[in-house]
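> All I have is the shape, not the residue letters:
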């Protein structure tokens, strides 16, 4: 857990420091995909990569250590989707409005799919809740 937190802090600080190095061709050829389609004039845009990575790390931890707590996993997935959706709407980290729309649309679809988990599958152990029961 501590490794994940320190790694996320390292990634975020590295992205913020190296943002100005994108004009260097050697750096750009290696790391330009980390900044692809981001609005580099926005100071909070580099946070998108860190938030995306954090969501993946902590989802993996939740799935590994809370395997008998499906409700907590469900709540975590919904809260992270809502948090990232709020960030995308507020900050608009992408370079164009089209890419911002695509990111917001992607997050809305992900939130909708996680919202349908409880109703459309036997995700919960209780009888009579899901469609398949």
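It's in. Computed from a predicted structure; not experimentally measured.
> When you work out contacts or count neighbours from here on, use the C-alpha atoms and nothing else.
OK.
> From residue 117, how far off is residue 70?
11 Å (Cα to Cα, to the nearest Å).
> ugh, typo on my part, it should be residue 109
Distance of residue 109 to residue 117, given as Cα to Cα: 13 Å.
> Next: residue 77.
Counting by Cα to Cα - residue 77 and residue 117 are separated by 11 Å.
> So those two - more neighbours on which side?
A direct count of neighbours by other Cα atoms under 10 Å for residue 77 and residue 117 places residue 77 higher, at 20 against 14.
> Verify the contact between the more buried one and residue 115 for me.
No. Contact criterion Cα atoms under 8 Å: residue 77 and residue 115 do not qualify, at 9.1 Å.
> Roughly how far does residue 98 sit from residue 26?
Where residue 26 is concerned, residue 98 sits at a distance of 29 Å (Cα to Cα).
> How about residue 82?
37 Å.
> more crowded one of the two?
residue 82 (16 against 11).
> isn't that one right next to residue 112, touching?
No. The criterion here is Cα under 8 Å, and residue 82 misses it with residue 112 at 10.5 Å.
> all helices for this structure, in order.
2-18, 25-31, 47-65, 70-91, 97-120 (DSSP state H).
> Run through the neighbouring helices and strands of the fourth one.
Read that as helix 70-91. helix 47-65, helix 97-120 (3 or more Cα pairs under 8 Å, 6 or more residues apart in numbering; DSSP states H and E).
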